[in-house]
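Below are the sequence and a predicted model; questions follow.
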Amino acid sequence: MTILQTRPVVARPEGGSLIEQFELGLDAPICLTWELTYACNLECAHCLSSSGKRDPRELDTDQCKAVIDELQRMQVFYVNIGGGEPTIRPDFWELLDYAVSHDVGVKFSTNGVRLDPERARFLASTDYVDVQISLDGATPEVNDYVRGPGSYDTAITALKNLQDAGFKDAKISVVCTRQNIGQLDEFKAIADQYGATLRLTRLRPSGRGADVWDELHPLPEQQRELYDWLVANGEDVLTGDSFFHLSAFGVADGGGALPGLNLCGAGRVVCLIDPIGDVYACPFAIHDNFLAGNLLADGGFENVWQKSELFNDLRSPQTSGACTTCAFFDACRGGCMAAKFFTGLPLDGPDPECVQGYGETALASGGRVLPQQGKDHSKANPTRNQPIMLTLTRRDDLQAPPVSACAEDPLAGLTF
Amino acid sequence: MAQDPVTDIAVSDDAELSASDLIEEVSIDGMCGVY
Amino acid sequence: MMMSTDMLNEPWDLSPAVALRPEPFGAMAYHFGNRKLTFLKRMKLVEVVRALAGQPDIRSALEATGVPEAQWPGYVAALQGLAATDMIRQRVTGQARTVQKGVA
């Protein structure tokens, strides 16, 4: 393997922990999320990118290849390609092949819609590609409530096709909600059944997630349940380091921090490239406040990563206000910037889900102004894929979830 | 304290160097801010 | 600390599936096959790893890069850590060193 030295590196004092080095930023991201399109066949209630409709300014195939060329030059070894639903871009498979043949490993996040047996066989025969299937309920009822009718079946079918084709170790990525935290064992069972690895991640109040966060975000006791479950069962469960705000649980009882860097990587070791080439600090912070630049308008991705004022700000020591006096600050680092921003909390204060309860206090104290949502790419007219959750929030006349046609209880549907 | 000949930055002559002073394994999934 | 004297006398190379990316404080090693990511936290270790391929054994690499002998146990322990994740591989005697891209 050639050892590339294409970038002059400005030396920095050695020593200090790896975390301290990362917080100062790197010359290239370690990995990044790349949303290829805002188009999607689904309309998930909590979509962090508010996806649905294609943006006409989407990067074209050649522009995407130019991005891959840059990532190769910068030695970004791995990208997570998502969207929207990336596989509905006609050039998705061409770009996948281009990436892996240019030293850029790919994991793509999908709802599974295009993973038929033939595609599954192709993926099983391709090196340097990983597949991550989104699933937010261990049963169709729980999953489809937020992701839409039939979406559970689509995901499981994709998992089965991958397994049958001999694809090893797909990922099942779950956004943890009030409704599914009681299903963690079942999620693990599904992963085991299909030879996949379970990945649990945090619900952020981003994109459409802002509208449903009050109803869906885990309750305090559920956060504890999740932390305990991860400590007991999490050895082969991934988390994308999204629960570092829960590490404070581990301080008091010695359970310890959860595996991962336990720090916010936004703008320091990771970032987002969106479908039109905008570069954001992270995929949970798609908003002008966290927009570092545009790779078409601002001289390419490397230039934005290294020179953007926003990123250089994030790479300087952060003020964490009152949090720094908390005994648990070293563990939680003040939590998630995006979670604070989209719930209208100050960035130098507690995370809305602070395990010490400081976030709840801050949320209740009033005077919060929720930021205007960023670009909304939701479909103008709901389709048959619209999740029940969204129909409920639109129908003021409904007082309860619709009664299934299969209900046997003679009192079903009776309201007082 | 010796000087790193490449960077001229002072580095410790610590003879009790352990592997964890020199290498650290990180999970490719272990950083927050990726799908 | 126990130091493997055997390893000092062995020839080692960076694995063909590994890319080494310079960082301000050292380097990042990424293995395209097993997707392990390891940070080399000192420039000196990076020099040693780079020197391996051109040296007949680890001892020579440590000498050539000027690592004080008192630190050799630590460096060998680090190299053992890299070996455990297949970041470096023992060179098979008589095998020509080839330079390959990490992605076929």
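All right, it came through fine. Numbering: from 1, shown residues only, chains lettered A, B, ... in the order given.

what sits against residue 92?
You didn't say which chain, so I picked chain A. Residue A:92 is in contact with A:36, A:86, counting by CB atoms under 8 Å, 6 or more residues apart in numbering or on different chains. The way it works is simple: take the backbone N, C-alpha and C, and place the C-beta from them, glycine included.

Next one: it from residue A:369, what distance?
Residue A:92 sits 39 Å away from residue A:369, going by CB to CB, to the nearest Å.

Count residues in the vicinity of residue 32, would you?
No chain in the question, so chain A it is. The number of residues packed near residue A:32 is 26, by other CB atoms under 10 Å in any protein chain shown.

Please refer instead to chain B.
Using other CB under 10 Å, residue B:32 is surrounded by 28 other residues.

How about it: what's its closest non-neighbour residue?
residue A:241 (4.2 Å; CB to CB, 6 or more residues apart in numbering or on different chains).

doesn't residue B:31 make contact with that neighbour?
Yes: contact status for residue A:241 versus residue B:31: in contact at 5.4 Å, counting by CB atoms under 8 Å.

Quickly list what's touching both of the two.
Common neighbours of residue A:241 and residue B:31, counting by CB under 8 Å, 6+ apart, are A:260, A:261, A:263, A:265.

Just the pLDDT for residue 94.
Assuming you mean chain A. Per-residue pLDDT puts residue A:94 at 98.

hm, I was asking about chain C
pLDDT, read off for residue C:94, is 62.

gap between the two ends of stretch A:13-31?
24 Å (CA to CA, to the nearest Å).

That stretch: how far from the chain's middle?
When C-alpha coordinates are averaged (CA atoms, centre = their mean, to the nearest Å), stretch A:13-31 and its chain have centres 22 Å apart.

Packing partners of the helix or strand bottoming out on mean pLDDT in chain A?
Within chain A, no helix or strand scores below helix A:388-394, which has a mean of 74 by mean pLDDT, DSSP states H and E. Judged by 3 or more CB pairs under 8 Å, 6 or more residues apart in numbering or on different chains; DSSP states H and E, helix A:388-394 is in contact with helix A:140-147, helix A:209-216.

Switch these over to JSON lines; also include distance to residue A:324, mean pLDDT and mean neighbour count.
Formatted as JSON lines, these follow (distance: least, CB to CB, whole Å; pLDDT from 0 to 100; neighbours: other CB atoms under 10 Å in any protein chain shown):
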{"stretch": "helix A:140-147", "distance to residue A:324": "36", "mean pLDDT": "98", "mean neighbour count": "22"}
{"stretch": "helix A:209-216", "distance to residue A:324": "26", "mean pLDDT": "94", "mean neighbour count": "19"}
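
Identify whichever of these lies nearest to residue A:177.
helix A:209-216 (4.4 Å; CB to CB).

where do the helices sit along chain C?
Along chain C, the stretches classed as helices by DSSP state H are C:5-8, C:43-52, C:58-64, C:72-84.

Same list (these) but as JSON lines, adding mean neighbour count, mean pLDDT and distance to chain A.
Below are the helices of chain C laid out as JSON lines (neighbours: other CB atoms under 10 Å in any protein chain shown; pLDDT from 0 to 100; distance: least, CB to the nearest CB, whole Å):
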{"stretch": "helix C:5-8", "mean neighbour count": "13", "mean pLDDT": "85", "distance to chain A": "21"}
{"stretch": "helix C:43-52", "mean neighbour count": "22", "mean pLDDT": "97", "distance to chain A": "6"}
{"stretch": "helix C:58-64", "mean neighbour count": "19", "mean pLDDT": "97", "distance to chain A": "14"}
{"stretch": "helix C:72-84", "mean neighbour count": "21", "mean pLDDT": "97", "distance to chain A": "13"}
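
Out of the ones you listed, which is closest to residue A:280?
Short answer: helix C:43-52, nearest of the helices of chain C by CB to CB, at 31.8 Å.

Next, the angle from that closest one to helix C:72-84.
60 degrees (axes from the mean of the first three to the mean of the last three CA atoms, to 10 degrees).

got the contact list for helix C:43-52?
A:3, A:11, A:14, B:4, B:6-7, B:11, B:22-23, C:11-14, C:20, C:22, C:25-27, C:29, C:40, C:58, C:61-62, C:64-65, C:67, C:75, C:78-79, C:82, C:88.

Show me which helix or strand of chain B is least confident by mean pLDDT.
For chain B, scoring each helix and strand by mean pLDDT, DSSP H and E identifies strand B:10-11 as the least confident one, at a mean of 51.

tally of neighbours for whatever residue of chain C ends up closest to chain A?
For chain C, the residue closest to chain A is residue C:24, as judged by CB to the nearest CB, at 3.9 Å. Using other CB under 10 Å as the criterion, residue C:24 is surrounded by 18 other residues.

Surely it is in contact with residue A:14?
No: when contacts are counted by CB under 8 Å, residue C:24 is not listed as touching residue A:14 (9.1 Å).
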